[in-house]
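Peer 1: quick one: sequence and predicted model below, then my questions.
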Amino acid sequence: MRSAWFVLSLLSLTLASGALAQSGSAIGKGGAGSSATSGIATGPMSDSEIQKLGAQYLTDCIQDWDRGTHMSKQDWTRTCRRVVQRRIDYLRQQEKQ
C-alpha cells in the first residue's frame, strides 16, 4: 500500500511539474498562448481579414476531428461551422465598437 501511494505521489508531482514547465514556456515568447499564433485579433481588422481568419478557424477545426470525438464527421463539421460563424460575428461586432 505504501509503495502504491509513493508511486501515485511521484506521478502526480511529475505531471504537475511538466504542466507548469509547458505553461511557463509560452508566456511572452510567441508560444501557443500569445495572440500572434492563436488568431486573436489585436487591432482593427477589415471584413476580408475577418473572413480569412474565419476560413482558417474552420480548416483547423475540421482537421481536429477523429473517431475519438464520438461525433460523425458531418456533425463535427456542422458544429465547426456554427462556432466559426459565432467567432466571425463577434469579431465584426467588436470592430463596430
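Peer 2: Okay, I see it.

Peer 1: the domain parsing of this protein - what is it?
Peer 2: With domains defined by automatic domain parsing, the chain comprises 1-38, 39-97.

Peer 1: lowest average pLDDT across those domains?
Peer 2: Mean pLDDT per stretch puts domain 1-38 lowest among the domains of the chain, at a mean of 45.

Peer 1: give me the residues contacting stretch 56-69.
Peer 2: For stretch 56-69, the external contacting residues (CB atoms under 8 Å, 6 or more residues apart in numbering) are 39, 71, 73, 76, 77, 80, 81, 83, 84, 87. Every residue, glycine included, has its C-beta placed from N, CA and C.

Peer 1: next up, the contacts around residue 77.
Peer 2: Per CB under 8 Å, 6+ apart, neighbours of residue 77: 62, 65.

Peer 1: what's the helix or strand for it?
Peer 2: Using DSSP states H and E, residue 77 maps to helix 73-96.

Peer 1: flag every buried residue along that helix.
Peer 2: 76, 80, 84, 87, 88, 91 (16 or more other CB atoms under 10 Å).

Peer 1: farthest pair in those?
Peer 2: 76 and 91 (22.5 Å; CB to CB).

Peer 1: tell me where this protein has helices.
Peer 2: Secondary structure of the chain by DSSP state H: the helices cover 2-25, 35-38, 47-63, 73-96.

Peer 1: okay if I get the contacts of stretch 56-69 as JSON lines plus distance to residue 53?
Peer 2: Shown next, in JSON lines, are the contacts of stretch 56-69 (distance: CB to CB, whole Å):
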{"residue": "39", "distance to residue 53": "6"}
{"residue": "71", "distance to residue 53": "24"}
{"residue": "73", "distance to residue 53": "23"}
{"residue": "76", "distance to residue 53": "20"}
{"residue": "77", "distance to residue 53": "18"}
{"residue": "80", "distance to residue 53": "14"}
{"residue": "81", "distance to residue 53": "15"}
{"residue": "83", "distance to residue 53": "13"}
{"residue": "84", "distance to residue 53": "9"}
{"residue": "87", "distance to residue 53": "8"}
